[in-house]
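Trainee: From the sequence below, what's the structure:
(2 chains)
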2 protein chains.
Amino acid sequence: MRVAPLARQSGVMVRFRPFLLGPLFNAQGWATSLFNLYPAKGRYMWRDLERICFDLDLPFRQPEPFPQNSLLAARVALVGLSSSWGEELCRGVFRAEFGDGRQIDDSTIIGDILSQLQIEAAPVLEAARAETNKAALRAQTGEAKQLGIFGAPTFATADGELFWGNDRLERAIAWARMGFGPIATD
Amino acid sequence: MRVAPLARQSGVMVRFRPFLLGPLFNAQGWATSLFNLYPAKGRYMWRDLERICFDLDLPFRQPEPFPQNSLLAARVALVGLSSSWGEELCRGVFRAEFGDGRQIDDSTIIGDILSQLQIEAAPVLEAARAETNKAALRAQTGEAKQLGIFGAPTFATADGELFWGNDRLERAIAWARMGFGPIATD
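Mentor: Numbers count the residues shown, from 1 in each chain, chains lettered A, B, ... in the order given. Coordinates of the predicted model:
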């Protein structure tokens, strides 16, 4: 919800790149989300997220179940990002899961989100399930792993620096503009 | 390094309360620090910390070994916090480990830090090892666990809200002043 306006204000170009968390979690030895793995830490993380959404004036509901299978949503986002509606689709998917308590692994829900964007759902869902699109998502997930990514959102700068999480967005934008220090390095 | 000046500016009273991380990590099923448990996440965390220290103009060296046994330092801090020099001792211990690359489990190093504060080391080290002081640290560690704490620093407000990490300090201070929203609740 925050990245696009902040990047625009800062003159930084951002490219959305969907990937699957499951394979990256497995590579770390995590069988599920960190929200679920450790009770005390998980409780804290949900509460933290609730406070953050309150501060940002964003609706929040703890999704049930969590995590949800994001395969379909990521495939559809990938289709959208080669067109003009990809970023808006991403925001719609996050709003559906974390704001409205909807199931994003359900093609009817994804279809609803597409309809709200005035996109005809059927051909998009078909393109999402095409072999080339599936392979492209697998390739992006592999690339995320190569970059050292282990969570989402991660902001990766052109010079390979990683910034993980909403709370690192400002630092990522500043880095993209001028690197480590106050003097431009690019 | 940041909590005392920020709290003072904001009119919020902060009480430093040392505890041991080991038992809290064990309660989560972690055999060591999260900096060590997962390779990709650990590498990211060190880099993140390096950037944060740079931004705050604080010296930083990755401690070797890490984590270090903080038992002695925590016991000495507890002695100091019943006197006037506890907070300064805490800052000295963090600076020694993360800024100067020194071993904080070494009583000579802790003695050096005390000497810099014009505190005679021998009686303090003796008080730190007294049974009542050991028991007091165990009790505070148990209290931290009861509060749901799983890492440090954690800022706990009087109404039981937890804020974990340097990046949550401002929100913790704001909460202590006025709770969830803009209107004071206490």
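
Trainee: Identify the residues contacting the closest residue to A:Arg129 other than its chain neighbours.
Mentor: The spatial neighbour of A:Arg129 that comes closest, neighbours along the chain excluded (Cβ to Cβ, 6 or more residues apart in numbering or on different chains), is A:Arg75 at 6.9 Å. All C-beta spots, glycine's among them, are computed from the backbone N, C-alpha and C. By Cβ atoms under 8 Å, 6 or more residues apart in numbering or on different chains, the residues touching A:Arg75 are A:Ala128, A:Arg129, A:Asn133, A:Lys134, A:Leu137.

Trainee: How about the residues of chain A by chain B?
Mentor: Within chain A, the positions lying close to chain B (Cβ under 8 Å from any Cβ of the partner chain) are A:27-30, A:38-41, A:43-44, A:47-48, A:51, A:54-55, A:148-151, A:161-164, A:167-168, A:171, A:180-181.

Trainee: Past the lowest-mean-pLDDT helix or strand in chain A, which element shows up next along the chain?
Mentor: Lowest on mean pLDDT, DSSP states H and E among the helices and strands of chain A sits helix A:34-37, with a mean of 82. Moving toward the C-terminus from helix A:34-37, the next helix or strand (DSSP states H and E) is helix A:39-55.

Trainee: Now do the same contact list for the residue minimising distance to the centre of chain A.
Mentor: Of all residues in chain A, the one closest to the mean position by Cα atoms, centre = their mean is A:Pro153, 5.2 Å from it. The neighbourhood of A:Pro153, defined by Cβ under 8 Å, 6+ apart, consists of A:Val3, A:Trp164, A:Gly165, A:Asn166, A:Leu169.

Trainee: In PyMOL, select just the buried ones from those.
Mentor: In PyMOL, a selection of the buried entries from those looks like this (16 or more other Cβ atoms under 10 Å in any protein chain shown):
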select buried, chain A and resi 3+164+169
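
Trainee: Between which two of the contacts of A:Pro153 is the distance greatest?
Mentor: For the contacts of A:Pro153, the farthest-apart pair by Cβ to Cβ is A:Val3 and A:Trp164; their separation is 13.2 Å.

Trainee: list the residues that contact both of the two?
Mentor: By Cβ under 8 Å, 6+ apart, the residues touching both A:Val3 and A:Trp164 are A:Pro153, A:Phe155.

Trainee: hmm, back to that, what residues of the least confident helix or strand of chain A count as buried?
Mentor: For helix A:34-37, burial by neighbour count (16+ other Cβ under 10 Å) applies to A:Leu34, A:Phe35.

Trainee: and that helix, what does it pack onto?
Mentor: The elements that helix A:34-37 packs onto, with contact taken as 3 or more Cβ pairs under 8 Å, 6 or more residues apart in numbering or on different chains; DSSP states H and E, are helix A:39-55.

Trainee: what's the closest residue to A:Pro63 other than its chain neighbours in contact with, if anything?
Mentor: Counting by Cβ to Cβ, 6+ apart, A:Glu97 is the residue found nearest to A:Pro63 once chain neighbours are left out, at 5.1 Å. Applying Cβ under 8 Å, 6+ apart to A:Glu97 gives the contacts A:Pro63, A:Gln68, A:Gln103, A:Ile104.

Trainee: Checking the last one next. Helix, strand or coil?
Mentor: Right, A:Ile104. coil (DSSP: H, G, I helix; E, B strand; the rest coil).

Trainee: Then the first one?
Mentor: Secondary structure for A:Pro63, judged by three-state DSSP, is coil.

Trainee: hang on, isn't A:Pro23 packed against A:Thr141?
Mentor: Yes. At 5.6 Å, A:Pro23 and A:Thr141 qualify as touching, with contact defined as Cβ atoms under 8 Å.

Trainee: Which one's more surrounded, the two?
Mentor: Taking neighbours as other Cβ atoms under 10 Å in any protein chain shown, A:Pro23 and A:Thr141 compare with A:Thr141 leading, 20 against 13.

Trainee: Run through the helices of chain A in chain order.
Mentor: A:3-10, A:21-28, A:34-37, A:39-55, A:71-81, A:86-94, A:107-116, A:121-128, A:131-146, A:169-178 (DSSP state H).

Trainee: Tell me where the model's unsure across chain A.
Mentor: Residue ranges of chain A with pLDDT under 70: A:181-186.

Trainee: Please repeat the previous calculation with a cut-off of 50.
Mentor: A:183-186 (pLDDT under 50).

Trainee: follow-up on the earlier one: and the contacts of A:Glu97, which of them are buried?
Mentor: By neighbour count, with 16+ other Cβ under 10 Å, the contacts of A:Glu97 hold A:Pro63, A:Gln68, A:Ile104 as buried.

Trainee: separation between A:Val93 and chain B?
Mentor: 25 Å (Cβ to the nearest Cβ, to the nearest Å).

Trainee: I'd say that residue and A:Ala77 touch.
Mentor: Yes. Counting by Cβ under 8 Å, A:Val93 does reach A:Ala77; the two are 7.0 Å apart.
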